[in-house]
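1. Provide a 3D model corresponding to the input given below.
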Amino acid sequence: MVRALRKKYAERAPHIAYRAVESDVSDTGLPGGSFDIVTAQTLLMHSLAPEKIVAEMRRVAKRGGTIVCVEPVNHLNWAQTFELTHFLTPSERAAFYGVWVRFVDFVKIRRGDQDIGLRLPTLLARAGLENIRIWSNDRVRLDPIETYDIDFLEEEMGRDWVREALAGAAIGDAEIEFVRAIVARIRAEKPRELDFVPRASSCFVCVATAP
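-> Model (predicted):
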């Protein structure tokens, strides 16, 4: 990401001086009260101590500076997938959703909170920030249902941390195959009223002022 940042600045804003710093986000080593704007996007969700990150954001912001956080509510993002399963029996839907809930809850303990967007105002308020405002983004992509992929199954299953989380959440091979079969049925038995699926990316944008 640092390499991409350097390339982007060189191409788009060669007249602007900047410095890229790699550091612990909860202890950057940057001078306090130095920045007009401090921002973090989809970062807090990956931390087990987001309070420390917000405290560091406040520390490096100037008095009256702006702090911006953008974080998701992934249960809402995934809910659209569950709605495509209305052709299943209630017990099948409950089993399908149950695998996701156990997986997400285990990930929350070990890797951060996928729904931390819901807690943004509280996190910023407890850090002593002021004038807290929040918006919900409205970005939606429209996909043919045949290409409606579930990252958890189609892209992430080969990752070591996903296999660890599946095992930690006591999700066995039989349940994994059950979920794969459900996804196959979604594609094969797609609801006739759905040719395209709106894929939302539910995020909250929370803005505050450093006192």
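2. average pLDDT across stretch 119-132?
-> Mean per-residue pLDDT for stretch 119-132: 97.
3. Pull that stretch out as PDB, backbone CA atoms only.
-> The C-alpha coordinates for stretch 119-132 follow below in PDB (Å, rounded to 0.1, in the frame of the first residue of the first chain):
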ATOM      1  CA  ARG A 119     -19.800   1.200  17.600                       C
ATOM      2  CA  LEU A 120     -18.100   4.100  15.900                       C
ATOM      3  CA  PRO A 121     -19.900   6.900  17.700                       C
ATOM      4  CA  THR A 122     -19.300   5.300  21.100                       C
ATOM      5  CA  LEU A 123     -15.600   4.700  20.400                       C
ATOM      6  CA  LEU A 124     -15.200   8.300  19.400                       C
ATOM      7  CA  ALA A 125     -17.200   9.700  22.300                       C
ATOM      8  CA  ARG A 126     -15.300   7.700  24.800                       C
ATOM      9  CA  ALA A 127     -12.000   9.000  23.400                       C
ATOM     10  CA  GLY A 128     -13.200  12.500  24.300                       C
ATOM     11  CA  LEU A 129     -13.900  13.600  20.800                       C
ATOM     12  CA  GLU A 130     -16.600  16.200  20.100                       C
ATOM     13  CA  ASN A 131     -19.200  17.200  17.500                       C
ATOM     14  CA  ILE A 132     -19.700  13.600  16.400                       C
END
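4. How about residues contacting that stretch?
-> Contact partners of stretch 119-132, identified using Cβ atoms under 8 Å, 6 or more residues apart in numbering, comprise 44, 50-51, 54-55, 57-58, 67, 69, 71, 113, 116, 134, 204, 206-211. Where you see a C-beta, it was placed from the backbone N, CA and C, and this is true even at glycine.
5. mind checking the longest helix of the protein?
-> Of all segments of type helix in the chain, defined using DSSP state H, the longest is helix 90-111.
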